[in-house]
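J.: No sequence on hand, only this structure:
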């Protein structure tokens, strides 16, 4: 399917997914029968509330007054001048409460949990950002909160574990499999099946079974919607390209989605190239993977010759995932979005440049998108505009970056 | 009539309950899988469910996940599991074998290639845990075209519409599991199962197996009094885990013979 065949509804607007959660051949609901009821209940609730004026107004109010939206777009003038080409603009999701775009989605799902009368929320987390965002919402709304985290990740992210505890959440270590994000996800699913009567599962990215990829995208789409009005205010037009990092892909889907129908804007997803695609140590499922079924949806996966999921690597824990949201898989196949791999070293270089030239410490995840802009800008005229989703701040990455430079606190 | 259907029909005509054990291929070691399958048959099991190890067994409990991890450490792939079935078939052409696993290894092999290879190896049925009927029309068609039975799960939360959807897709038998979703997790609520099974049987029109919380003779008897088939999985894996090296086959044989005896008392 070519971009000019983008499925649209009666008003001409992009209309995926279909009623059963498919983005072309991707997405869907690949789960055991035991989960079908919980997913169906969630789907019906979300379908009702997504257009309920009271719910929409409450979400907008909380985003403004609690999260601190809208986030500004900042012209990275010194970085752009140094590169000598296209102008680089940063969508400052790092300025949100809790320091990343993740909070848009956890706010949306926490409000939905309340409407559905579920007093308990659970979440999986890798680096801990989604866990902290979920624990924050649970504290804000007085919900019980349990966060599943791989025991390997707990060791690597002690500060975030403590943050979650400060916020009143229970952090449960997961010792199965590779003891990382994907194992935490498996464990959270098990909890949900067992406790679905009183529990809402807050998934942190645009993956998982329908309706999660659609719902998480919708809650994050506020990012792209703001850009649609902010860019013309800044430069009198939309940007030439939008860049965002892609692990599961929630910040990228959030900023891409309102632009899918605007074909003059290039959409570029930046995956974790780790030590390089040829090294085999990376997490670039779209660039180097193949389609398969994992965690409830069909999408691109990193798998071995026997169809087993392989362990991934990235300097940024938030991109360290062997799958990717199904809508990205579809946008890749039909060519509407492009996906590139950015290595650990390139991301680190971008991290340091943004610190020194703009006084902004970006998350290592977001640094992958900044790195791609740094690669592209010099080859483009000065009147072109690149919009980078600066999806999070880098405070959480101090240890990782210091360690790479041989520094110990 | 498939081998599964024939075996279940013959049991029903003798008012005997089917006993269906689950083991994970390659656990505790690949060399033990075929001997364990034969031992299960010798101890009175009617159908053998053989787990295909997967790196992310989301719908299983910790016990079966551990078995899967042990098997993967031995490098047991789907192709190797099919070889084990073929090996088993060299001396047993009577006992149906059902593979139980996840969609990804099967799709990676290719649906058509998998179904052809499974049939050639002597597999009789396949349960793909993360294939609800809505997502597997092509698989369902290929399976039935080749005379293999696609087995599906039902849960306490399955609505009448979903039971009907499963009934349209399933053949052989359906497998009723606990809402506590994950294998090996739940304790048995016999009254609840007793309420649900007759209604499900009426809707699906094929035998119904129940498979959770069955840990001993007593619970097997309780379920056997209600369902057509009793499925035991996690408890066998635990038997393997606690066996001294070299004792695995003998211990499983002893344990399952006890269950068989308990089930036969129902018919008597």
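T.: Yes, it's here. The shown structure was predicted, so the numbers you read here are calculated from the model rather than taken from an experiment. Numbers count the residues shown, from 1 in each chain, chains lettered A, B, ... in the order given.

J.: which SSE is residue 105 in?
T.: You didn't say which chain, so I picked chain A. Element membership for residue A:105 (DSSP states H and E) is helix A:102-115.

J.: Oops, wrong one, chain B.
T.: The secondary structure element spanning residue B:105 is helix B:103-109 (assigned by DSSP H and E).

J.: Now do the strands in the chain.
T.: As the question left the chain open, I've gone with chain A. Assigned strands in chain A, in chain order: A:22-23, A:26-30, A:73-75, A:87-92, A:120-125, A:144-150, A:170-174, A:199-201, A:241-246, A:266-274, A:290-294, A:296-301, A:337-343, A:385-390 (criterion: DSSP state E).

J.: Please refer instead to chain B.
T.: All strands of chain B, identified by DSSP E, fall at B:18-24, B:48-51, B:97-101, B:125-128, B:149-154, B:174-176, B:208-210, B:229-232.

J.: Put together JSON lines for those strands, with mean pLDDT, mean neighbour count and distance to chain A on each row.
T.: For glycine as for every other residue, the C-beta is placed from the backbone atoms N, C-alpha and C. Putting the strands of chain B into JSON lines (pLDDT from 0 to 100; neighbours: other Cβ atoms under 10 Å in any protein chain shown; distance: least, Cβ to the nearest Cβ, whole Å) gives the following:
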{"stretch": "strand B:18-24", "mean pLDDT": "97", "mean neighbour count": "26", "distance to chain A": "14"}
{"stretch": "strand B:48-51", "mean pLDDT": "98", "mean neighbour count": "26", "distance to chain A": "14"}
{"stretch": "strand B:97-101", "mean pLDDT": "98", "mean neighbour count": "24", "distance to chain A": "10"}
{"stretch": "strand B:125-128", "mean pLDDT": "98", "mean neighbour count": "25", "distance to chain A": "9"}
{"stretch": "strand B:149-154", "mean pLDDT": "97", "mean neighbour count": "24", "distance to chain A": "4"}
{"stretch": "strand B:174-176", "mean pLDDT": "95", "mean neighbour count": "27", "distance to chain A": "9"}
{"stretch": "strand B:208-210", "mean pLDDT": "95", "mean neighbour count": "25", "distance to chain A": "13"}
{"stretch": "strand B:229-232", "mean pLDDT": "95", "mean neighbour count": "26", "distance to chain A": "15"}
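
J.: Take the ones you listed and write them to JSON lines, including distance to residue A:129.
T.: JSON lines is the format used below for the strands of chain B (distance: least, Cβ to Cβ, whole Å):
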{"stretch": "strand B:18-24", "distance to residue A:129": "35"}
{"stretch": "strand B:48-51", "distance to residue A:129": "35"}
{"stretch": "strand B:97-101", "distance to residue A:129": "33"}
{"stretch": "strand B:125-128", "distance to residue A:129": "34"}
{"stretch": "strand B:149-154", "distance to residue A:129": "35"}
{"stretch": "strand B:174-176", "distance to residue A:129": "39"}
{"stretch": "strand B:208-210", "distance to residue A:129": "42"}
{"stretch": "strand B:229-232", "distance to residue A:129": "41"}
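
J.: And the helix holding residue B:105, what does it pack against?
T.: strand A:290-294, helix B:78-89, strand B:125-128 (3 or more Cβ pairs under 8 Å, 6 or more residues apart in numbering or on different chains; DSSP states H and E).

J.: List the contacts of the most centrally placed residue in chain A.
T.: In chain A, the C-alpha nearest the mean C-alpha coordinate belongs to residue A:250, at 2.6 Å (Cα atoms, centre = their mean). Residues counted as contacts of residue A:250 (Cβ atoms under 8 Å, 6 or more residues apart in numbering or on different chains) are A:101-102, A:105, A:204-206, A:216-217, A:220, A:325.

J.: From these, pick the one nearest residue B:190.
T.: Using Cβ to Cβ, residue A:204 is the member of the contacts of residue A:250 that sits closest to residue B:190, with 39.2 Å.

J.: now the angle from the lengthiest helix in chain A to strand A:296-301?
T.: When secondary structure is assigned using DSSP state H, the longest helix within chain A turns out to be helix A:33-49. Computed with axes from the mean of the first three to the mean of the last three Cα atoms, to 10 degrees, the direction of helix A:33-49 lies at 90 degrees from that of strand A:296-301.

J.: Counting neighbours, which bits of helix A:33-49 end up buried?
T.: A:33-39, A:42-43, A:45-46, A:49 (16 or more other Cβ atoms under 10 Å in any protein chain shown).

J.: Run through who's touching it.
T.: Everything outside helix A:33-49 that qualifies as a contact, by Cβ under 8 Å, 6+ apart, is A:29, A:31, A:55, A:112, A:115-116, A:189, A:192-193, A:196, A:200-201, A:209-211, A:215, A:296, B:59, B:132, B:152-155, B:157-159, B:162, B:166, B:177-179, B:181-182.

J.: Let me know whether residue A:264 touches residue A:238 as I believe.
T.: Yes - Residue A:264 is within contact range of residue A:238, at 7.2 Å (criterion: Cβ atoms under 8 Å).

J.: Based on its surroundings, how many neighbours for residue A:355?
T.: Using other Cβ atoms under 10 Å in any protein chain shown, residue A:355 has 15 other residues around it.

J.: Now do the same contact list for it.
T.: When contacts are counted by Cβ under 8 Å, 6+ apart, residue A:355 is found next to A:361-362.

J.: just to revisit the earlier point, now, of the helices and strands packed on helix B:103-109, which is deepest in the fold?
T.: Comparing these by mean neighbour count (mean count of other Cβ atoms under 10 Å in any protein chain shown), strand B:125-128 comes out on top with a mean of 25.

J.: Note down every partner strand of that strand and its orientation.
T.: Sheet pairing for strand B:125-128, assigned by DSSP bridges, gives strand B:97-101 (parallel), strand B:149-154 (parallel).

J.: which other residues reach the last one?
T.: Yep, that's strand B:149-154 we're talking about. A:32-34, B:2, B:4-5, B:98, B:100, B:124-129, B:131-133, B:136, B:139-140, B:143-144, B:162-163, B:166, B:169-177, B:200, B:204, B:208.

J.: Please tell me I have it right and residue A:376 contacts residue A:384.
T.: No - Residue A:376 is not in contact with residue A:384 according to Cβ under 8 Å; the separation is 9.2 Å.

J.: re earlier: which of the contacts of helix A:33-49 count as buried?
T.: The buried subset of those - by 16+ other Cβ under 10 Å - is A:29, A:31, A:55, A:112, A:115, A:189, A:192-193, A:196, A:200-201, A:209-211, A:215, A:296, B:59, B:132, B:152-155, B:157-158, B:162, B:166, B:177-179, B:181-182.

J.: returning to what we had before: against which helices or strands is the helix holding residue A:105 packed?
T.: Contacts defined by 3+ Cβ pairs under 8 Å, 6+ apart place helix A:102-115 against helix A:33-49, helix A:53-62, strand A:120-125, helix A:129-141, strand A:199-201, helix A:212-220, helix A:250-256.

J.: how much space between whatever residue of the stretch 101-250 of chain A ends up closest to chain B and residue B:247?
T.: In the stretch 101-250 of chain A, the residue found nearest to chain B is residue A:193; the distance is 3.1 Å by Cβ to the nearest Cβ. Here residue A:193 is placed at a distance of 34 Å from residue B:247 (Cβ to Cβ, to the nearest Å).
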